[in-house]
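Student: Below are the sequence and a predicted model; questions follow.
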Amino acid sequence: METAGQPEHEARMTEVRARLSEFAEGDPSPAERALVLRLLRSFTAKTPDAVDLLARLLEAGDPEPVSDHAHSLKGSAANIGAIRLAALCAAVEDRARAGIVADPGRTVERLRAEAGGTLLAVRAVTEGYEESI
């Protein structure tokens, strides 16, 4: 996992908080807070395995499953405001749809680094929501 530099970590947290504020504007109700926590916890629980699977698919080199899985991970990331991870997955998806799985080693490295930084930020945001309940 990436050891996030403070500016990158703060930027990721800001992006996630901005997206989550769309679910629970102003003074969120207990139900809205519970929804946000479910989203954050689900993302944190599922993302490591999703990244591992995408890494294996990239290394296998078959564009169709790479495209499908990158699309799925992109959606999960975008849903919680993980803009950088979503953009990286979108680029992987676009290349795979064009039939290209280029430089899987470097792509996996970038994917793992971004996912690691994203997970650190999401965990920090989650802690903030847990403390506010």
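Tutor: Thanks, I have it. Numbering: from 1, shown residues only.

Student: What segments of this protein are helices?
Tutor: Applying DSSP state H to the chain gives helices spanning 6-21, 30-60, 63-80, 83-97, 104-131.

Student: Ala115 touches Leu85, doesn't it?
Tutor: Yes. With contact defined as CB atoms under 8 Å, Ala115 reaches Leu85; the gap is 6.0 Å. (Each C-beta comes from the backbone N, C-alpha and C, glycine too.)

Student: For the two, work out which one has more neighbours and name it.
Tutor: The neighbour comparison of Ala115 against Leu85 (other CB atoms under 10 Å) goes to Leu85, with 29 against 26.

Student: Okay, now the unreliable bits of this protein?
Tutor: Along the chain, the parts satisfying pLDDT under 70 run over 1-4, 133.

Student: Just give me the residue right at the centre of this protein.
Tutor: Ala77 (3.5 Å; CA atoms, centre = their mean).

Student: for that one, what are its contacts?
Tutor: Phe43, Thr47, Ile83, Leu85, Ala86, Cys89, Thr118 (CB atoms under 8 Å, 6 or more residues apart in numbering).

Student: from those, which is closest to Glu8?
Tutor: Thr118 (10.1 Å; CB to CB).

Student: Verify the contact between that closest one and Thr47 for me.
Tutor: Yes. If you go by CB under 8 Å, Thr118 and Thr47 touch, sitting 7.4 Å apart.

Student: So for these two, which sits in the more crowded spot?
Tutor: Thr118 (31 against 21).

Student: Next, work out how far apart that one and Lys74 are.
Tutor: 12 Å (CB to CB, to the nearest Å).

Student: residues shared between the contacts of the two?
Tutor: What both Thr118 and Lys74 touch, as defined by CB under 8 Å, 6+ apart, is the set Leu85.

Student: If we ignore the residues flanking it in sequence, what's nearest Glu8?
Tutor: Gly117 (6.1 Å; CB to CB, 6 or more residues apart in numbering).

Student: I meant to write Arg123 there.
Tutor: Thr44 (6.1 Å).

Student: Relative to Ala50, how far out is the nearest residue to Ala55 once chain neighbours are set aside?
Tutor: Excluding its sequence neighbours, the residue lying closest to Ala55 (CB to CB, 6+ apart) is Val108, at 4.5 Å. If you measure Val108 against Ala50 using CB to CB, the figure is 13 Å.

Student: No further queries at this time; thank you.
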